[in-house]
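Enquirer: Take this sequence and fold it.
(chains A, B, C and D)
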Amino acid sequence: MTGRPTDHMIKCMARLIEQGDVVYHGLTSPLPVLAMVLARRVYGVDFTWTSVIEHLEPRVERVRLAPSTGDPYTEPDPVGILTTIDAFDLAAKGKLTTMFFGAAQVDEEGNTNLTAIGGYDRPRVKLPGGAATAYLFPLVPKIIVWARHEPRVLVKRVDFVTGPGRPRVEKGYRHLLCTNKALIEYTRDGPVLRMLLPGVTVEEVLENAAMEIRVPRSVEEMEPLTPEEKMVIEEHDPHGIRYMQRMG
Amino acid sequence: MTGRPTDHMIKCMARLIEQGDVVYHGLTSPLPVLAMVLARRVYGVDFTWTSVIEHLEPRVERVRLAPSTGDPYTEPDPVGILTTIDAFDLAAKGKLTTMFFGAAQVDEEGNTNLTAIGGYDRPRVKLPGGAATAYLFPLVPKIIVWARHEPRVLVKRVDFVTGPGRPRVEKGYRHLLCTNKALIEYTRDGPVLRMLLPGVTVEEVLENAAMEIRVPRSVEEMEPLTPEEKMVIEEHDPHGIRYMQRMG
Amino acid sequence: MTRRVPSPRLVDLDYAAELVEPGSTVTISGMTFIRNPVALVAGLVRRGVRDLCVVDREPGFALDVMAAAGLLRCVRAAMASFELYGLAPTVRRLAESGEIEYIEDVCGAVIAGLRAGAQGVPFMPARGLLGSDLLRLHEERWGTWRRIRDPWTGEELVAVRAIEPDYALIHVHASDPYGNAVIEGPRFEDELKIRAARRVIISAERIVDTEELRGFMHQLSATSIHVEAVVHAPRGAWPTAMPGLYQADYDAIRGYVEAARSGRAVEWVKTNLKRLMGGSG
Amino acid sequence: MTRRVPSPRLVDLDYAAELVEPGSTVTISGMTFIRNPVALVAGLVRRGVRDLCVVDREPGFALDVMAAAGLLRCVRAAMASFELYGLAPTVRRLAESGEIEYIEDVCGAVIAGLRAGAQGVPFMPARGLLGSDLLRLHEERWGTWRRIRDPWTGEELVAVRAIEPDYALIHVHASDPYGNAVIEGPRFEDELKIRAARRVIISAERIVDTEELRGFMHQLSATSIHVEAVVHAPRGAWPTAMPGLYQADYDAIRGYVEAARSGRAVEWVKTNLKRLMGGSG
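Expert: Numbers count the residues shown, from 1 in each chain, chains lettered A, B, ... in the order given. The predicted model follows:
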């Protein structure tokens, strides 16, 4: 293997960015940022880069991670400013196609919880808040949730529905989950295993989840990182800020 | 006398601009523009200049009339751009205090018609349209309507209510009418004559109106233009564009 | 490998004019005699697209040219004025004779409708407007406004239905080949129009390389996400003004008005077509 | 005689802090670690204004400092994050213990509420939001949202009640003494906040003469019409970033986080108060 699980997650997310996508990343999103870099620089995907930084199309080669993914110095030389207000209006009009969301819990319906563990009023753990989750879940045709692959994260039912997954699947929107073990896709029949990260087995995927995940006959296995992929990730995050998300 | 009725109208309108006002002028408004110039340059009134041109606080000394009062070259060197969208939001919040409106007809209640003479569907005359009239009449605390003092303009009842006057008076908003003969103020008791332009008699005011105008015991008579007033008006409109409004 | 995104969409005037379907609703940039998309309109005139409706706040020259060339079925505007030259001469004549439908709107309501269109919501609440005879027409005849109540206080307001024109024709100072575009000076509602319209066609005084935009930190008036086609049209607003670049040509506008008043507006347009197309012909 | 209008309102930090009434609702500029109105917040800390509520989309450093200094009664935000350093440390602790009320909002809804506040309408319709458990809380507990129907199609939407904070504290790149102010780079919702708030206090890296603004044709982020007071505060966003001028000081932020986690946030603030006030102390 040529990378840690974090790096494989980045590759997994990068491969979901397609030609013509209009992609937006939010705060606390080092993995999505590196996925966007990889998609553009290594896979040559022709997508539009927007973000919470409000820098439209920064100079990708100069993107560098910092402890904030809202930091304008990390995505320099944009073509111009595109405000978040503007980007979210594009979402309301169906023109923002792709968004990444973290989750403290994600469940069998694809609901995510970023609000509180243990209920709103007496939270065992207060979470940072869903930010745009509740607004964008009903609007964006392709959402990629990223989360740590553990039973207390991949749950049967979230404690609080910050972002509702079921209406997405019902509308035919793509609703995907990248973990540090696998890529899972939500379908009308529930979550389906689509790809294993390098070195991960189906059993590990199932055993480390408290939700039921369907396993189809054929499951892709991700190729390990190529030297180029690894080099590009390192170039844009030389200090390993991406590992602060503790995905392994 | 040192000026034509048009010039006296300008002076009449200028005197209604007060300290702290936020003033907006629209299209086809040579008289309001010159009134704003006079208020600032001659009377030294500390008001804020906004307009359909979207130039906030142009350099007043350099304001020059052209056939369009939406022409950005006529109000150069602004402090910045303040869009009409922004200005009208200020109006909705009660912060745009003063606005001028032309009228093809104005009636006893202070309603104005800029839509059509003879009804909407088969107009005898199609008028240019009320622009912001219907939007701003309920919102702006001081409105100055300007119109030609003739029986077919100062009517009992307008053919079409583009801007409703009565709710303004009921709310205690100032609703004023500057004609080429007089200044008239709308009160709960109807239109009241407040000032005669130089050389105009009360009889002329009443005879040339098809609306009833109350005449209080004391009516101010406007002083003729001072040489400074005349000079400043001439300086900003050397080609007499103001007379194209045919107010005399 | 680094690509710029998305693909360039720089086209010529004829190509742009072909994009506009007959019968559709069009909004145009600028105001009376300022920053009208005259070159794009000249393209439509040359092609002879029919049955268009124009929706705009305070259109002037370009609107009247469209009317004179027989392109229009209806006009929805708060004011159609040639300012001190009087009403938009052809629009006035055709509205009085009933040859085009004229929907009189109100500035604040046009802004509200475009805002709803730009934000992707079906309507926008607006203050003002109550008490005008226009309210009944918009509610009962055109279905464009409706009285609603604030769900909290019960206060009466007007809901303006979203305006989403089929096309926005917008003349700008500079654009890259992708539609990342900059307007200088007054914006009017053009940034809303760009966001509210289903398809956006830009004409630009200057086509700039994307690299030239970087570092200026412009808040872009239009972006590649919004724009479908870009036409290079130097002096493409003539005879209307281009703030910072050239003034309105009042002699030409007066010439047009005089021609229109004597029923020769079409001739004036034909005679001046090449010039109206700016440097894009 | 020509006067500039209106009167200057350049004040010092203490004067500005005195303007803010205890118990009021405040919105602040920027986001997590970018362009926070740190100097103005330091002024409030020094004065010790109490019982404030903060409403913002994605606040970070300045919010947590206000919480640590005991200024806050409640927070309404879509996310209160220190990004890779975790949640806003003090806000998290006080929210978990119930010492401050925490109203979790949503980005799109905060924008909608500020838009309504800025436009002078009582509410704003918004898409999205349906299906989240937050809907019930906003409808039933906080009274901030309500489900409504499009009067034309009957489609269900969420109405967000206007957000009109008592004060907006906004740090900008440059302002003249009247509040005609320019923000460079990302705007976030700051232009809406300036328009939605009842009273606006600006701090600026640079005070410029009004004459310097002329000719640049800026679309001003704030104008003299909106602004009540202007404070000169060079480095007034430290330790958060000021786009184009200085980067975030992550060492200082990490120092604050570590202090907060060991219950010494107040000490950190006191020790650094002079620096937090920027050049305005």
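Enquirer: And chain D, is the lengthiest helix in chain A touching that?
Expert: Using DSSP state H to define each element, chain A has its longest helix at helix A:30-41. Yes - in this structure, helix A:30-41 sits against chain D according to CB under 8 Å from any CB of the partner chain; the contacting residues are A:Pro30. (Each C-beta comes from the backbone N, C-alpha and C, glycine too.)
Enquirer: near chain C, anything from that helix?
Expert: Yes - using CB under 8 Å from any CB, helix A:30-41 comes into contact with chain C via A:Arg40, A:Arg41.
Enquirer: ok, then the element right after that helix?
Expert: Sequence-wise, the next helix or strand downstream of helix A:30-41 (DSSP states H and E) is strand A:48-51.
Enquirer: ok, back up a step: tell me which strands and helices the longest helix of chain A is in contact with?
Expert: For helix A:30-41, the elements it packs on are helix A:5-14, strand A:22-25, strand A:48-51, strand A:98-102, strand A:142-147, helix A:227-236, judged by 3 or more CB pairs under 8 Å, 6 or more residues apart in numbering or on different chains; DSSP states H and E.
Enquirer: For the last one, name the packing helices and strands.
Expert: Yep, that's helix A:227-236 we're talking about. Using 3+ CB pairs under 8 Å, 6+ apart: helix A:227-236 touches helix A:5-14, helix A:30-41.
Enquirer: can these go into CSV with extra columns for mean pLDDT, mean neighbour count and distance to C:Leu19?
Expert: Below are the helices and strands packed on helix A:227-236 laid out as CSV (pLDDT from 0 to 100; neighbours: other CB atoms under 10 Å in any protein chain shown; distance: least, CB to CB, whole Å):
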stretch, mean pLDDT, mean neighbour count, distance to C:Leu19
helix A:5-14, 98, 26, 34
helix A:30-41, 98, 26, 29
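Enquirer: I'd assumed C:Leu130 was in a helix, is it?
Expert: No - residue assignment for C:Leu130, taken from DSSP: H, G, I helix; E, B strand; the rest coil, gives coil, which places it outside any helix.
Enquirer: show me the contacts for the residue nearest to A:Tyr73 when sequence neighbours are not counted.
Expert: Taking CB to CB, 6 or more residues apart in numbering or on different chains as the measure, A:Tyr73 lies nearest to D:Gln247, with 5.1 Å between them; neighbours along the chain are not counted. Under the criterion of CB atoms under 8 Å, 6 or more residues apart in numbering or on different chains, the neighbours of D:Gln247 are A:Asp71, A:Tyr73, D:Ala241.
Enquirer: Run a quick neighbour tally on the residue nearest to C:Val266 when sequence neighbours are not counted.
Expert: Nearest non-adjacent residue to C:Val266, counting by CB to CB, 6+ apart: C:Ala68, 5.5 Å away. Applying the criterion other CB atoms under 10 Å in any protein chain shown, we find 26 residues in the vicinity of C:Ala68.
Enquirer: re the thing from before, export the helices and strands packed on helix A:227-236 as TSV, with columns for distance to A:Leu96.
Expert: Written out in TSV, the entries for the helices and strands packed on helix A:227-236 read as follows (distance: least, CB to CB, whole Å):
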stretch	distance to A:Leu96
helix A:5-14	17
helix A:30-41	14
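Enquirer: Any idea how many residues pack against A:Ala116?
Expert: 24.
Enquirer: Please read the previous query as pertaining to A:Tyr243.
Expert: Summarising burial for A:Tyr243: neighbours were counted as other CB under 10 Å, giving 15.
Enquirer: next one: C:Glu258
Expert: Other residues near C:Glu258 come to 14 when the count uses other CB under 10 Å.
Enquirer: Then A:Ile213?
Expert: For A:Ile213, using other CB under 10 Å, the count is 17.
Enquirer: Please consider this matter closed, and thank you.
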